[in-house]
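Colleague: fold the following for me, if possible:
(chains A and B)
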Amino acid sequence: MNRLVSFRSKSRIGTTPCSSSFYARLLGSSIDASRTRSTANASDSLATVSRCSSLVPARTLTGSSLFGSRNGSSARLSNLTGHGGSQGVARRFCSDAAAERESMEYDVVIVGAGPAGLSAAIRLKQLCGEKGVDLSVCVVEKGAEVGAHIISGNVFEPRALDELLPEWEKEEAPISVSVSSDKFWFLTKDRAFSLPSPFDNKNNYVISLSQLVRWMGSKAEEYGVEIYPGFAASEILCDDNGSVIGIGTNDMGVAKNGSKKENFQRGVALKGVSLAFSGNKMIQCCFMRAIKLAGRVTLFAEGCRGSLSEKIIKKYHLREKRNAQHQTYALGIKEVWEIDESKHQPGAVIHTLGWPLDQKTYGGSFLYHMSERQVAIGLVVALNYKNPYLSPYEEFQKLKHHPAIKPILEDGTVIQYGARTLNEGGIQSVPYPVFPGGAIIGCSAGFLNVPKIKGTHTAMKSGMRYLLHVLAITVFVLLSGIPASSSFCINEYKKKESQNVRSKELSIKSFLCFCNCPGMLAAEAAFGTLLEGSNLDSYWTTLQNSWVWEELHKARNYRPAFDHGFIPGMAISAVEHYLFRGKSPFTLKHGKPDHEATNVARSHSPIEYPKPDGVLSFDVPTSLHRSNTNHDHDQPAHLKLRDPEMPTQVNLPEYDGPESRYCPARVYEYVPEESGQLKLQINAQNCLHCKACDIKDPKQNIEWTVPEGGGGPGYSVM
Amino acid sequence: MKIMVAVKRVIDYAVKIRVKADKSGVETQNVKMSMNPFCEIALEEALRIKEAGLASEVVAVTMGPKQSIDTLRTGLAMGADRGIHVEATGDLFPLAVAKLFKALVEIEKPGLIILGKQAIDNDCNQTGQMVAGLLGWPQGTFASKVVLDKEKQEVMVDREVDGGLETVCLNLPAVITTDLRLNQPRYATLPNIMKAKSKPVKKYTPEELNVATKSDLEVVEVTEPPKRKAGVLVSSVDELIDKLKNEAHVI
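Modeller: Residues are numbered from 1 along each chain as shown, chains lettered A, B, ... in the order given. This is a model prediction of the structure:
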């Protein structure tokens, strides 16, 4: 087995040995990627279908389309692995023994058990049930349990849930507190001024999203979805043509220096695979055929700034595809308190603007009264702030001392703490969500409605929409009687009595009308492009025709308006809201990307933050303890520096080490070495998986990769 | 030879514990639960003995409410062959658990029982010893090394005691409780989790086993430990002695 000496010197990724073998492992693992498998139900049908599909290369491959093969750095490698198509055994450029993983095959693989991922899984199983087919769905989740990494305000708009699980109330979903009051305050240091609330939260609920997702997880399992928490998807597996065929999970039991511990376990490859047909019904066959034509389906629902989703967006140039702008982000820091009974008003919703943030920094706070004497309080700070001395965590601690907020929290105790970044780019920043082999759904694409500050319902809908378009393809295939490309389908059709088929046609049509799907047009477009073997563009079309798009379109100008400052922002927002009502003729653009917006340290002065008092405000270690965060300490640091010297050469001298301030978990610390020089210390064990460092690092030197599954925060009421 | 391993479902070690408002216990609603870390070590040791060819079967046993089955499934995913779930609502104190164990041993007749030294929720450190007492079997507790000798039908156990390490030789059948340094438990891999779904789990109730689980112990109150007070700087030795005598009452 060759060692990867040459590869490592070219690649500047990672400071630990294991990290540089990350890419090498990807090379190795994708080699066993696309072997066709015959299943128990094979029969001639399968053979026919696989002949038709261009997405299942029949030959076992050696020079597989390496994930990194499009980058210049691995051009040399592709030659070496015989990308020219020799049939010999490929050399494995991986220091780990034979990078072969055990692989498990599913029809659909979903990365991330959040609102979007679980909605997609549930919807798929519902469609299966209606059509009488069976597809295997697998959801992998890096958190230790479903809901462990879910954190959100949350004032929930049940629109998407009503469509997905209309009986949610009867089935005891943890949604019980309706919004009872909606206040909007402008804060100065000592006072709070009431402003007219721009939100309409009348039929919404105050919930804990973590609890809702946990409930959705149990519902998904009832439908037969396989959910595996504690497994982190760390690699994307591709085939010959560069289509995504699945993901690989992290190796477990790797020591800090990259060696294998005694409990080492190689990661598992989860792949989509050619389907076995069950049953003889026309509908089934067409539906299954549609999914199969949709290719091996891998959905990425990793949430904001998902690590694999970002790679996918870069690889397939998904932003350029629709001339989308870059994504802009904010960091939300939140605590759940248990307060005095007398101060608790279930359903009360308060949002604030202004203090403690200054005119140039966009952001605001929220305070929601949940059930059982609990309140959720948090501060959201846009990450395009300019002052490198700003610490969103400390601003949050200041906020709690405000005279309007302090009385609510007094005599209370903090139950949990957490932080997460969220998207603020809106419709201008949504990338093209479809790529060969799957799609990106939920916040990984970025459907959060910024002025509404709600992203849950749009994330869920985006997951559901994906499945609907597949059904549309089914219809087209059925109604157009096409399947000329599939003799199997024609045979099946002949087997049916015409009456039966006709009634099924009708039922499909009515179903589609009910779902408000564009129907034939979308199916037509989908089918056409699919025959060329590329992708699922009709998802894009159906998405743009849904209420998600309509909502985001109306909301598109509010956030960019604030790039010009607080007053202009408020003015433009007022014009948008009251005058244009979302029908404005212009679309404002975002300013600089968040990491470029930071000014150098010398143009600002350090901010003196008050010391925590231990009652209302706390230091980071105390707060961190409340997030139930843990990682196995003996594993390679999952936060990788592209250039290990950059922190001491650029971040510290020019920006005064902003990562030591914006990280809400104190992962980054500059500590003096023996020589007295300051050096960056990465306490990866503290990481809350918020992704702020990946976004805000001025030179984009920090890369957040996924640690061993099961680590990270343990949110239960966030 | 069959090995029986006891596993317990407890609050995950990384979770911040909160005391319930009525002081009757700790908050367990919506809190992450997982297998007791010492039980994981016990199961790992049993699996290693089986993989060395010295045992034929590893049976994981858990006792508790309906949700304990999740912990059992984790045990099966790690490699246990069969599971036994004694479904019992209400608090189970160590003596009741030991009695239930005795009843199961009479059914299953294992050659070795391995338990964790203590559970991280009650820190009792009693169950293993009580099981050995009720059965009249030899016990090797706080094991940091276990070496089985099949021909001689005995097991050498290195025990971690206050004075250092003590090695005892036990005739089989025996009871062993594990300490932290014994081994590093393996991860349950995805394929194993899938296979575990089809492994058999037998259910019992305490009534079926003829065991009365009512305890002579009753938890009266659970409170948080008193908050640490700030330290006080004293200016002289006399002041120190004065404070120790009159304020802290320790001399």
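
Colleague: just give the number of residues close to B:I17.
Modeller: By other CB atoms under 10 Å in any protein chain shown, 11 other residues sit near B:I17. Just so you know, the C-beta spots here come from the backbone N, C-alpha and C atoms, and that holds for glycine as well.

Colleague: doesn't it lie inside a helix?
Modeller: No: in this structure, B:I17 is coil, not part of a helix, as judged by DSSP: H, G, I helix; E, B strand; the rest coil.

Colleague: now chain A, which segments are flagged as low pLDDT?
Modeller: A:1-99, A:272-296, A:466-538, A:582 (pLDDT under 70).

Colleague: need the contact list for the residue in it that chain B sits nearest to.
Modeller: Closest residue of chain A to chain B, CB to the nearest CB: A:N630 (3.8 Å). Counting by CB atoms under 8 Å, 6 or more residues apart in numbering or on different chains, A:N630 touches A:Q685, A:G711, A:G712, A:G714, B:A14.

Colleague: just give the closest residue to A:S371, not the sequence neighbours.
Modeller: In space, and not counting its chain neighbours, A:S371 is closest to A:V177: 5.1 Å by CB to CB, 6 or more residues apart in numbering or on different chains.

Colleague: my error: substitute B:Q126 in the last question.
Modeller: Using CB to CB, 6+ apart, the closest residue to B:Q126 is B:P94 (3.9 Å).

Colleague: get me the contact residues on the stretch 351-500 of chain A for chain B.
Modeller: A:I415, A:Q416 (CB under 8 Å from any CB of the partner chain).

Colleague: redo that, cut-off 10 Å
Modeller: A:E372, A:R373, A:T413, A:V414, A:I415, A:Q416, A:Y417 (CB under 10 Å from any CB of the partner chain).

Colleague: contact partners for B:V155?
Modeller: B:49, B:54, B:111-112, B:138, B:140, B:143, B:146-149, B:168-174, B:176 (CB atoms under 10 Å, 6 or more residues apart in numbering or on different chains).

Colleague: for A:E645, state which of the residues of the stretch 351-500 of chain A next to chain B is nearest.
Modeller: A:E645 lies nearest to A:Y417 out of those, by CB to CB, at 33.4 Å.

Colleague: so how many other residues sit close to that closest one?
Modeller: So A:Y417, with other CB under 10 Å, has 30 neighbours.

Colleague: that one reaches A:Q397, doesn't it?
Modeller: No: contact status for A:Y417 versus A:Q397: not in contact, 11.1 Å apart, counting by CB atoms under 10 Å.

Colleague: what do the two both touch?
Modeller: A:I333, A:E335, A:F618, A:V620, A:S623.

Colleague: just the buried residues out of those, in PyMOL syntax.
Modeller: Burial among those is assessed by 16 or more other CB atoms under 10 Å in any protein chain shown; the matching PyMOL selection reads:
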select buried, chain A and resi 333+335+618+620+623
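
Colleague: mind listing what's buried in the helix-or-strand element of chain B with minimal mean pLDDT?
Modeller: Ranked by mean pLDDT, DSSP states H and E, the weakest helix or strand in chain B is helix B:190-196, scoring a mean of 88. For helix B:190-196, a neighbour-count test (16+ other CB under 10 Å) marks B:L190, B:N192, B:I193, B:A196 as buried.

Colleague: buried stuff in the helix or strand just after that helix?
Modeller: Proceeding N to C from helix B:190-196, the next assigned helix or strand is strand B:201-204, under DSSP states H and E. Residues of strand B:201-204 classed as buried: B:Y204 (neighbour count, 16+ other CB under 10 Å).

Colleague: with stretch A:186-204 instead?
Modeller: A:L187, A:A192, A:F199, A:N201, A:N204.
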